[in-house]
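Enquirer: model the following, please.
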Amino acid sequence: MHCPYCGSSIKENESFCVICGEKLPEDLEHRMNPNNRKFNKLWLVPIGVFTFFLLSSIIFYIYLENRSTQAQELYNQAEEKVLLGEFAAGEQFLKEALDLKSNFSQADTSLLFTRRAIEIQSSLAEADSLLQEKNYSEALSIINGAENNIENFYGPAASDLISVIISQRNEVKMEQLQEMLQNDPSIDDLKLLLWEADAIDEENAEEIAKSIRSQIVDYTFSKASEQLNAKHFNDALLIVEDGLKYAPDSEKLQSLETTINNEQSSFETAQQERLEQAMNTAQEEREMNESDAVNLLDIVVENNEQGNIMVKGEVKSVATVPINSIIIDYVILNKNEAEIDSNEVFVYPDRLYPDENGNFEFTHFDINESSQNLQVEVNKITWYTD
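Expert: Numbers count the residues shown, from 1 in each chain. The predicted structure follows:
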């Protein structure tokens with residue numbers, strides 16, 4: 001600023017000009033005082049806009065936080081309902097939570113599960129109706145489909161729902177099993193039903209399985225015993241081994257298996273002894289048939305009606321097989337036991353069966369002695385076997 005009187009420079013906060021000594025005018029002093037300067041009103045617009053947006057942001061943030069808190073509360077309520085199995089109520093809470101907070105991923109996933117659970121509940125109700133109609137196959141098919149619809153979900157609620165599904169499936173299988181048992185099933189059907197009973201995780205199913213297993217054991221024991229009595233040891237063992245597949249802890253079948261093995265061993269030993277005895281007997285018979293198959297019952301030398309010397313006699317077969325072509329080799333001796341002739345004669349009939357007798361005779365025309373002075377001795381007897 002400059003002095004209005006002399007034009008010299010004047011410092012701020014001075015009331016007099018230091019050059020001319022004149023008192024400065026009050027309006028000039030007021031203008032020179034920075035505290036008395038007027039505020040520029042153009043700054044009010046940006047300040048106001050900034051303040052507006054700041055306040056709006058704070059209010060909007062508080063609004064969103066409030067909606068998020070409400071959404072979380074609704075989610076918590078839905079979770080409680082879902083854990084209680086009240087899926088319809090849970091679904092409603094989840095919808096309201098998503099209305100308040102659209103990007104609520106947990107609520108979105110839970111809503112998908114809840115809707116799937118409602119569908120499963122409906123399916124289980126339908127399966128229960130089919131069970132009442134004894135349509136077991138269709139009921140089991142629906143229950144299996146319901147389980148497949150929830151296989152990708154995890155958590156307490158999903159586990160509880162799976163438990164409900166398994167329980168209902170076991171109920172259907174139990175009803176089906178009991179009806180089949182009332183229809184007098186065959187042993188093969190009983191074996192299949194045993195696997196079904198073992199697959200059901202229930203106390204009643206264990207009792208049914210125990211009963212079925214007992215029936216299989218009794219049947220197996222009976223059939224195997226029949227084969228054992230008939231000496232069909234291998235067949236008996238096969239029957240017992242098959243039965244032990246279904247009742248591996250059965251002392252009754254284990255004991256029978258031991259008995260069969262012992263009986264088979266004893267039988268085979270006795271059979272071997274009989275075979276050896278038979279072979280020995282056969283050898284003895286063969287030796288006898290070859291060396292001592294013919295007994296000489298009688299042999300005489302006499303004169304026939306024409307006065308010729310006749311040798312005749314009788315033999316008996318003691319062989320165990322037919323023999324044929326029996327030849328008697330003999331010599332004729334005088335009273336000095338000197339040999340005067342020898343000969344071979346065939347027995348008739350040509351073939352002798354065991355214990356049959358045969359005869360032989362031969363006339364000597366060239367011996368001119370009385371039979372009273374003669375005797376006959378057999379050198380050997382030969383024969384053939386078949």
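Enquirer: please parse this structure into its domains.
Expert: 48-181, 209-268, 292-385 (automatic domain parsing).
Enquirer: show the average pLDDT along the helix or strand in which residue 170 is found.
Expert: Element membership for residue 170, per DSSP states H and E: helix 156-181. Helix 156-181 comes out with an average pLDDT of 86.
Enquirer: quick one: distance of the very next helix or strand once past that helix to the chain centre.
Expert: Sequence order places helix 187-199 as the next helix or strand after helix 156-181, per DSSP H and E. What separates the centre of helix 187-199 from the centre of its chain is 12 Å, taken as CA atoms, centre = their mean, to the nearest Å.
Enquirer: which SSE is immediately downstream of helix 187-199?
Expert: Using DSSP H and E, the first helix or strand after helix 187-199 is helix 203-229.
Enquirer: between that next one and helix 156-181, how big is the angle?
Expert: Per axes from the mean of the first three to the mean of the last three CA atoms, to 10 degrees, the angle that helix 203-229 makes with helix 156-181 is 40 degrees.
Enquirer: and helix 203-229, what does it pack onto?
Expert: For helix 203-229, the elements it packs on are helix 156-181, helix 187-199, helix 233-246, helix 251-291, judged by 3 or more CB pairs under 8 Å, 6 or more residues apart in numbering; DSSP states H and E. From N, CA and C alone the C-beta is placed, and that goes for glycine too.
Enquirer: what is the neighbour count of residue 243?
Expert: Look at residue 243: counted by other CB atoms under 10 Å, it has 26 neighbours.
Enquirer: would you confirm that it contacts residue 253?
Expert: Yes. Using CB atoms under 8 Å, residue 243 and residue 253 qualify as a contacting pair, with a distance of 5.2 Å.
Enquirer: which helices and strands does the helix holding residue 170 pack with?
Expert: The contact analysis (3+ CB pairs under 8 Å, 6+ apart) places helix 156-181 against helix 44-83, helix 105-132, helix 136-148, helix 187-199, helix 203-229.
Enquirer: in that helix, what counts as buried?
Expert: 157-158, 161-162, 164-165, 168-174, 176-177, 180-181 (16 or more other CB atoms under 10 Å).
Enquirer: chain center to stretch 200-212, what's the gap?
Expert: Centroid separation for stretch 200-212 versus its chain: 18 Å, with CA atoms, centre = their mean.
Enquirer: could you do stretch 200-215 as well?
Expert: Distance of stretch 200-215 from its chain centroid, counting by CA atoms, centre = their mean, is 17 Å.
Enquirer: now do stretch 186-197
Expert: That offset, for stretch 186-197, works out to 13 Å (CA atoms, centre = their mean).
Enquirer: I would like the residues contacting it, please.
Expert: Residues outside stretch 186-197 that contact it (CB atoms under 8 Å, 6 or more residues apart in numbering): 173, 177, 180-181, 185, 205-206, 208-209, 212-213, 215-216, 219, 246.
Enquirer: stretch 261-275 too?
Expert: 228, 231, 233, 237.
Enquirer: what subset of these is buried?
Expert: Buried members of the contacts of stretch 261-275, counted by 16+ other CB under 10 Å: 228, 233, 237.
Enquirer: count of residues packed around residue 216?
Expert: Residue 216: 23 neighbours (other CB under 10 Å).
Enquirer: for it, which non-adjacent residue is closest in space?
Expert: Computed as CB to CB, 6 or more residues apart in numbering, the closest residue to residue 216 that is not its neighbour in sequence is residue 246, at 5.0 Å.
Enquirer: got the contact list for that neighbour?
Expert: Taking CB under 8 Å, 6+ apart, one finds 191, 194, 213, 216 in contact with residue 246.
Enquirer: need the per-residue pLDDT for it.
Expert: Note on residue 246: pLDDT of 91.
Enquirer: same check, this time on residue 239
Expert: 93.
Enquirer: residues contacting it?
Expert: 220, 223-224, 227.
Enquirer: may I ask which of the residues you listed has the most neighbours?
Expert: Within the contacts of residue 239, neighbour counts (other CB under 10 Å) peak at residue 224, which reaches 26 neighbours.
Enquirer: so how far is residue 231 from that one?
Expert: As judged by CB to CB, to the nearest Å, residue 224 and residue 231 stand 13 Å apart.
Enquirer: need the helices and strands packed on helix 156-181 in a markdown table with mean pLDDT, can you?
Expert: As requested, these are exported to a markdown table (pLDDT from 0 to 100):
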| stretch | mean pLDDT |
| --- | --- |
| helix 44-83 | 74 |
| helix 105-132 | 86 |
| helix 136-148 | 89 |
| helix 187-199 | 86 |
| helix 203-229 | 89 |
